[in-house]
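[1] what follows is a predicted structure for the sequence shown.
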Amino acid sequence: MIYTNRICETCGKDFIIPAWKVNQGGGRFCSKPCKHIGHSKEMQKEGHTRIRAGYRFIKCHNHPFRNAFDEVREHRLVMEKHLGRYLTPQEKIHHINGDKLDNRIENLLLLPNLGEHNKYHHRGNQYTKA
């Protein structure tokens, strides 16, 4: 297993984490307490947004497909604004450059369902980076 050195965004402590966790958007905090503090600061700094699982969530109290916290993933809101309609729950958005926080419309690709999204990633037997 490959490990990488990181610096905690909350306390500044050096720590080691498996590289795969960093690739999935983790590795920002050295511990759960630091993670909770860090996320609280993010929410205060950005108003009513938070980052979870690598995605930015926006508070949308009246959105028909909001989660239990009244939030919607920002990339879905960007695509909805661009199309002028709500996305269906089946529709998926692919981040072309793999950066889940880069929600510019030119970096977003609308796919009709999860199966098509998976096909886009795999393209035969060769896996392409998310």
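    Done, it's in. Numbers count the residues shown, from 1 in each chain.

[2] where do the helices sit along this protein?
    19-23, 32-45, 74-83, 114-122 (DSSP state H).

[3] for residue 55, which of the ones you listed is the nearest?
    Of all these, helix 74-83 sits nearest to residue 55, with 7.1 Å by Cβ to Cβ. (C-beta placed from N, C-alpha, C; glycine too.)

[4] what's next to the closest one, contact-wise?
    Taking Cβ atoms under 8 Å, 6 or more residues apart in numbering as the criterion, the residues outside helix 74-83 that touch it are 49, 55-58, 60, 65, 86-87, 93, 95, 100, 103-105, 108, 110.

[5] mind listing what the residue sitting nearest the centre point of the chain touches?
    Centroid check for the chain by Cα atoms, centre = their mean gives residue 55 as the closest residue, at 1.8 Å. With contact taken as Cβ under 8 Å, 6+ apart, residue 55 is in contact with 73, 74, 75, 100, 101.

[6] now do residue 1
    Listed by Cβ under 8 Å, 6+ apart, the contact partners of residue 1 are 18, 19, 20.

[7] please name the bridge partners of the first one.
    When you say that, I think you mean residue 18. Judged by DSSP bridges, the bridge partners of residue 18 are residue 3.

[8] what's the burial count for it?
    Residue 18: 14 surrounding residues under other Cβ atoms under 10 Å.

[9] rewinding a little: tell me the pLDDT of the residue nearest to the centre of the chain.
    On the pLDDT scale, residue 55 is placed at 91.

[10] separation between it and residue 33?
    Distance, residue 55 to residue 33, by Cβ to Cβ, to the nearest Å: 23 Å.
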